[in-house]
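J.: Whatever this is, show me its structure:
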Amino acid sequence: MKRLLGVLLGTLCLSVTLGIPMHADAAGQVVKIGFAAPLTGPSASDGKEMENAVRLAIDDANRRNPTIDGQPVRFEIDAQDDQGDPRLATQIAQRFADLGVAGVVGHFNSSCSIAASKTYDGASIAEVSPSSTNASYTQQGLNTTFRVVGQDAIAGESLGNYLVDVLGAKRIAIIDDRTDFGQGLADRVQGAIVKRHGAIVAREYVTDKTVDFSAVLTSIRAKNPDVIVFGGFDAQAGQLVRRMRSLGIKAPLVGEGFNNNIFVDLSHGDGEGTITIQPGLPLEKLPGKDFGARYAGRFNAKLQGFQGPYAYDAANVIIQGVLKAQSAKPSKVLAAVKTLRIDGMTGPISFDKNGDLADSPYTVYRLNGGRWEGVSVITAKK
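T.: Model prediction:
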């Protein structure tokens, strides 16, 4: 028994001496990339699409046989369900910090990205969000916050200008869900409309758990708005538009980030005319024109939302950061990400001092026949 123990100790010492990585297998060192989004609950379809896109980016990277200092490495995802809950997002962030992941793709919700950001900053882990658009996420003075989409300060102004200048709306009602994303978007839209001398005839508030919109919509109906702007998520937007139509409100619902599969099953075309603004170009105009087909081939599913290409790019930012740094150490990856310039699936990617994209186009979509049609591309600069 003593001899066996001596052999085991000798083997352990040899491993330490040779510097064998803690995360290693026959294919070489394993580099973990954290991913966090809601994989259950109302936004689960968005979260799953993002997770799949990250897996596709990792598959693509691994096929290129990546190396660090000449040694083979293999990227892997550590996927976590934050359920859209900021408290849970913070716990997941601590898990990733304890694991020493190379970087994190996430979170989906702005409130989760903001809540987790200080933990990532304390661990010098790059947090690259594919979808968190609240302006304050990257304006906290932290060193580790990045996003590959535009932000609400620009989207809200672009949407407000579109409503007044293109749709000719003069009377606008606004509802927001009091989340960082929803309120942030609504505030920016309102500011832009006021600048364009449009009238805000109502500003109502719900929560992200509201299921009965009767009271706020009854109040709004009396104001006879041209459009209703909703700062909130697509699952509630679907419920909201159903109640609007049942109350005889014909004004279109307008928002950001509405997902196709929320509206296609609305009976009698109730969702027709719904308008959404999305960061970036329409899928068919993206530089990575084959992304949708490759996604469908890999996962036997069609893209339903707009997050997939951005999640792919967010993952690729971390992957390229690792390869540029020639290290999986989070602080070194972070330094590389700051100066990274790549041609992404969604367009050129580089970051300003806050971690925002230098500029980003936005596309306005209108729901027609159960499908989103791109009706206008707005190029907005900060």
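J.: element containing G184, please.
T.: Using DSSP states H and E, G184 falls within helix 180-195.
J.: buried stuff in that helix?
T.: Neighbour counts over helix 180-195 (16 or more other C-beta atoms under 10 Å) mark 180-190, 192-193 as buried. Heads up, the C-betas are built off the backbone N, CA and C, glycines and all.
J.: do the same with stretch 246-256
T.: I249, A251, P252, L253, V254, G255, E256.
J.: What is the burial count for the residue nearest to E272 when sequence neighbours are not counted?
T.: With C-beta to C-beta, 6 or more residues apart in numbering as the criterion, E272 has its nearest non-adjacent residue at 5.9 Å, and that residue is L367. L367 has 24 neighbouring residues, counting by other C-beta atoms under 10 Å.
J.: Quick check: phi and psi at L367.
T.: When read as degrees, to the nearest 10, the backbone of L367 gives phi -80, psi 120.
J.: where along the stretch 101-250 of the chain do the strands fall?
T.: 104-105, 127-129, 145-147, 171-176, 199-205, 227-231 (DSSP state E, counting those that start in this stretch).
J.: Tabulate the ones you listed (a markdown table), appending distance to A115 and mean pLDDT.
T.: A markdown table is the format used below for those (distance: least, C-beta to C-beta, whole Å; pLDDT from 0 to 100):
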| stretch | distance to A115 | mean pLDDT |
| --- | --- | --- |
| strand 104-105 | 13 | 98 |
| strand 127-129 | 11 | 98 |
| strand 145-147 | 12 | 97 |
| strand 171-176 | 19 | 96 |
| strand 199-205 | 21 | 96 |
| strand 227-231 | 19 | 95 |
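J.: Take the ones you listed and lay them out in CSV including mean neighbour count and distance to I342.
T.: CSV is the format used below for the strands of the stretch 101-250 of the chain (neighbours: other C-beta atoms under 10 Å; distance: least, C-beta to C-beta, whole Å):
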stretch, mean neighbour count, distance to I342
strand 104-105, 32, 15
strand 127-129, 31, 12
strand 145-147, 27, 13
strand 171-176, 24, 35
strand 199-205, 16, 40
strand 227-231, 26, 32
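J.: Output those in TSV, with distance to V333 appended to each entry.
T.: Listed next are the strands of the stretch 101-250 of the chain as TSV, based on distance: least, C-beta to C-beta, whole Å:
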stretch	distance to V333
strand 104-105	11
strand 127-129	10
strand 145-147	11
strand 171-176	36
strand 199-205	40
strand 227-231	34
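J.: closest to D352 out of these?
T.: strand 145-147 (10.0 Å; C-beta to C-beta).
J.: quick one: which of the buried residues of stretch 246-256 is nearest G160?
T.: Of the buried residues of stretch 246-256, the one sitting nearest to G160 (C-beta to C-beta) turns out to be V254, at 9.8 Å.
J.: If the closest one is in a bridge, with which residues?
T.: With DSSP bridges as the criterion, V254 is bridged to V229, I275.
J.: buried stuff in the strand or helix carrying N62?
T.: If you go by DSSP H and E, N62 is part of helix 44-63. For helix 44-63, burial by neighbour count (16+ other C-beta under 10 Å) applies to 44-58, 60-62.
J.: what sits up against that helix?
T.: Helix 44-63 is touched from outside by 33, 35, 37-39, 74-77, 79, 81, 105, 108, 130-131, 234, 259, 261, 294-295, 298-299, 301, 303-305, 307-316, 319, with contacts defined as C-beta atoms under 8 Å, 6 or more residues apart in numbering.
J.: That helix: how far from the chain's middle?
T.: Its chain's C-alpha centre and that of helix 44-63 lie 13 Å apart, by C-alpha atoms, centre = their mean, to the nearest Å.
J.: picking that back up, could you give me the ChimeraX selection string for whichever of the contacts of helix 44-63 are buried?
T.: A single ChimeraX command selects the buried members of the contacts of helix 44-63 (16+ other C-beta under 10 Å):
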select :33,35,37,38,39,74,75,77,79,81,105,108,130,131,234,259,295,299,303,304,305,307,308,309,310,311,312,313,314,315,316,319
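J.: Right, I'll leave it there.
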